[in-house]
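Undergrad: coordinates only, sequence not included:
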């Protein structure tokens, strides 16, 4: 049970978003710009960064839903699992590996990022805006994960539900809820 | 120097926001709702939560500016702000605020550390569900803002007077209004 009276049947962040629409709006918009709008990093790559950070924060709901969105964009869920366990050996570009190294440091503490980390990413072709967005995606998921966990939200172990959510997120983005009615409703 | 080409005359989060106005807008909207929107927690109390979390994350820019905004809301009481940063249990704040700061401190480390007991303790001292919600989200949001400011290696000046002046302005005009000035003035930064 969640720590506060969240609307029943809404998993993870969707319960918190339904509870407090005033804060949900800018949070949805932020995720939409970062993960869904046109960018020189593909939507799949950006979802991988979000999934990686959520996995390092051990947030089941976020890593499952964003992992499903990444798999949808990439047409491959094997890559997602590999990025979570050891991204260095995953079949992703060297640029993305350098960006994931930065994201992993931001997940711990932004101050751990060094000029050398940024230089390494740049050498693999990363642009300033790609470095910026990587840092902000990692920072934003440090927020989303803590929000989902800190309220003790309901995080179902339901693979199928996350696959459906991932499909919605990959197709529609983040402006509108992917969970439109509570579980159990007709 | 920042790791990417941020405007040198905009320290802390301001340079990052001017660099990417598309993300600056929801970032400003979120902080505006959380810290200045209608709430049963006072403006000073909410800024103290933001300051406390930023201080625990050792993000000098955020801890300084939000500390000064908090002080501006609290009648200029900078000593109270310092006390909250160093040992809030000894600070002259309500027992409810202390219970909320305990929750915020746990969220700062890891959201999973918050227990039903922490929440019950806050509730016994009068905290409502929405106050608990907002405390968790303010703490979570500042884990984002702090990492954003630190992760880009932004300029974080040491000059206390600079934070004091700006803190008064933000306390008076709010985040969206104050940020609109520098976002407009640096719109070209995002053109590439």
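TA: Arrived safely, thanks for sending. Values in this document were obtained by computation on a predicted structure and should not be read as measured data.

Undergrad: alpha carbons only for contacts and neighbour counts from here, please
TA: Will do.

Undergrad: and chain B, which residues reach chain A?
TA: By CA under 8 Å from any CA of the partner chain, the residues of chain B that approach chain A are B:3-5, B:22-23, B:26-27, B:29-30, B:33-34, B:57, B:107-108, B:110-114, B:116, B:119, B:129, B:132-133, B:136-137, B:140-153.

Undergrad: and chain A, which residues reach chain B?
TA: Counting by CA under 8 Å from any CA, the residues of chain A lying close to chain B are A:3-5, A:22-23, A:26-27, A:29-30, A:33-34, A:57, A:106-107, A:109-113, A:115, A:118, A:128, A:131-132, A:135-136, A:139-152.

Undergrad: And the spatially most central residue of chain A, how far from chain B?
TA: Central residue of chain A (CA atoms, centre = their mean): residue A:50, 3.0 Å from the mean position. Between residue A:50 and chain B the computed distance is 13 Å (CA to the nearest CA, to the nearest Å).

Undergrad: Provide a list of residues in contact with that residue.
TA: Residue A:50 makes contact with A:63, A:66, A:137-138, A:141 under the criterion CA atoms under 8 Å, 6 or more residues apart in numbering or on different chains.

Undergrad: now residue A:74
TA: Per CA under 8 Å, 6+ apart, neighbours of residue A:74: residue A:44.

Undergrad: how far away is it from residue A:90?
TA: 13 Å (CA to CA, to the nearest Å).

Undergrad: got the contacts of residue A:50 as JSON lines, with pLDDT columns?
TA: As requested, the contacts of residue A:50 are arranged in JSON lines below (pLDDT from 0 to 100):
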{"residue": "A:63", "pLDDT": "98"}
{"residue": "A:66", "pLDDT": "98"}
{"residue": "A:137", "pLDDT": "98"}
{"residue": "A:138", "pLDDT": "98"}
{"residue": "A:141", "pLDDT": "98"}
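
Undergrad: Can I get those residues in a markdown table including secondary structure and neighbour count?
TA: Shown next, in a markdown table, are the contacts of residue A:50 (DSSP: H, G, I helix; E, B strand; the rest coil; neighbours: other CA atoms under 10 Å in any protein chain shown):
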| residue | secondary structure | neighbour count |
| --- | --- | --- |
| A:63 | helix | 26 |
| A:66 | helix | 30 |
| A:137 | helix | 26 |
| A:138 | helix | 31 |
| A:141 | helix | 27 |
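
Undergrad: Closest one of the residues you listed to residue A:98?
TA: For these, the residue nearest residue A:98 by CA to CA is residue A:138; the value is 13.5 Å.

Undergrad: Nearest spatial neighbour of that closest one, chain-adjacent residues omitted?
TA: Using CA to CA, 6 or more residues apart in numbering or on different chains and skipping the chain neighbours, the partner closest in space to residue A:138 is residue A:103 (5.2 Å).

Undergrad: contacting residues for that neighbour?
TA: Residue A:103 touches A:49, A:53, A:134-135, A:137-138, counting by CA under 8 Å, 6+ apart.

Undergrad: Quick check, residue A:30 in contact with residue B:28.
TA: No: counting by CA atoms under 8 Å, residue A:30 stays clear of residue B:28, with 10.3 Å between them.

Undergrad: the more surrounded of the two?
TA: residue A:30 (25 against 20; other CA atoms under 10 Å in any protein chain shown).

Undergrad: In what element of secondary structure is residue A:169 found?
TA: helix A:159-172 (DSSP states H and E).

Undergrad: ugh, wrong one, I meant residue A:142
TA: Per DSSP H and E: helix A:128-150 holds residue A:142.

Undergrad: elements contacting that helix?
TA: helix A:12-19, helix A:43-56, helix A:60-74, helix A:94-108, helix B:95-109, helix B:129-151 (3 or more CA pairs under 8 Å, 6 or more residues apart in numbering or on different chains; DSSP states H and E).

Undergrad: Please name the residues that touch the spatially most central residue of chain B.
TA: In chain B, the residue lying closest to the centroid (CA atoms, centre = their mean) is residue B:50, at 3.6 Å. Residues near residue B:50 by CA under 8 Å, 6+ apart: B:63, B:66, B:138-139, B:142.

Undergrad: now with 7 Å?
TA: Residue B:50 makes contact with B:66, B:138-139, B:142 under the criterion CA atoms under 7 Å, 6 or more residues apart in numbering or on different chains.

Undergrad: What's the separation between residue A:118 and residue A:127?
TA: 10 Å.

Undergrad: Kindly apply the preceding question to residue A:159 instead.
TA: Look at residue A:159 and residue A:127: by CA to CA, they are 36 Å apart.

Undergrad: So the two - more neighbours on which side?
TA: Using other CA under 10 Å as the criterion, residue A:159 and residue A:127 rank with residue A:127 on top: 16 against 12.

Undergrad: Run through the helices of chain B in chain order.
TA: Along chain B, counting by DSSP state H, helices occupy B:13-19, B:21-36, B:43-56, B:60-73, B:78-87, B:95-109, B:116-124, B:129-151, B:160-173, B:175-185.

Undergrad: so where's chain A uncertain?
TA: For chain A, applying pLDDT under 70 flags the ranges A:185-186.

Undergrad: same thing but 80
TA: Residue ranges of chain A with pLDDT under 80: A:184-186.

Undergrad: Model confidence score at the closest residue in space to residue B:68 that isn't next to it in sequence, please.
TA: Nearest residue to residue B:68, sequence neighbours excluded (CA to CA, 6+ apart): residue B:167, at 4.9 Å. pLDDT, residue B:167: 97.

Undergrad: Could you report the neighbour count for residue B:167?
TA: Neighbours around residue B:167, by other CA under 10 Å: 22.

Undergrad: who touches it in this structure?
TA: By CA under 7 Å, 6+ apart, the contact list for residue B:167 reads B:65, B:68-69, B:72.

Undergrad: For residue 158, grab the count of nearby residues.
TA: Just going to use chain A. Other residues close to residue A:158 by other CA under 10 Å number 10.

Undergrad: wrong chain, I was asking about chain B
TA: Counted with other CA under 10 Å, residues neighbouring residue B:158 total 11.
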